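Colleague: need a structure here:
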Amino acid sequence: MISITLQRDKCIGCNYCAEVCPQFFRMSKKDGKSVLLNSADKKGFHFIKVNHIFEDQIQQAVKVCPVKIITAAIS
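Modeller: Next up is the predicted model:
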């Protein structure tokens, strides 16, 4: 499993994560920030555990984020 974390409050709305990993990221029409789909929120950190078959797309989202608010860890 891979744990993905998004620190949504610091998102600048560049849309890169949603472009490279649309299975897990969308841009909110409400505020223009990234949304980690089906995630739980704990004090501004949104997290989810997903199957490792998506590792390449997730790692690409981590790399393209200009403010480095997306992390992924294999658990």
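Colleague: what about Gln57, how many residues close to it?
Modeller: 16 (other Cβ atoms under 10 Å). All C-beta atoms are positioned from the backbone trio N, CA, C, and that covers glycine.
Colleague: Please, which helix or strand holds Cys14?
Modeller: If you go by DSSP states H and E, Cys14 is not part of any helix or strand.
Colleague: hmm, I was thinking of Ile58
Modeller: Here Ile58 is assigned to helix 55-64, by DSSP H and E.
Colleague: And for that helix, what's in contact with it?
Modeller: For helix 55-64, contacts defined as Cβ atoms under 8 Å, 6 or more residues apart in numbering pick out 2, 4, 16-17, 19-21, 23-25, 50, 70-72, 74.
Colleague: Make a ChimeraX selection of the buried ones in those.
Modeller: This is how ChimeraX selects the buried members of the contacts of helix 55-64, with burial counted by 16 or more other Cβ atoms under 10 Å:
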select :2,4,16,17,20,21,24,25,50,70,72
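Colleague: from the contacts of helix 55-64, which two are the most distant?
Modeller: By the measure Cβ to Cβ, Glu19 and Ile74 form the most distant pair in those, at 23.3 Å.
Colleague: Show me the beta-bridge partners of Lys49.
Modeller: Counting by DSSP bridges, Lys49 forms beta bridges with Ser3.
Colleague: What is the burial count for Ser3?
Modeller: The local packing of Ser3 (other Cβ under 10 Å) involves 14 other residues.
Colleague: From Gly13, how far off is the residue of the chain positioned farthest from its centre?
Modeller: Distance from the centre of the chain peaks at Lys30, with 17.2 Å (Cα atoms, centre = their mean). Separation of Lys30 from Gly13 (Cβ to Cβ, to the nearest Å) stands at 11 Å.
Colleague: Quick check: bridge partners of Ile74?
Modeller: Beta-bridge partners, per DSSP bridges, of Ile74: Ile2.
Colleague: Quick check: it touching Asn51?
Modeller: No: Ile74 lies out of contact with Asn51 (Cβ atoms under 8 Å); the separation is 11.3 Å.
Colleague: who touches both of those two?
Modeller: Applying Cβ under 8 Å, 6+ apart, one finds that Ile74 and Asn51 are jointly contacted by Met1, Ile2.
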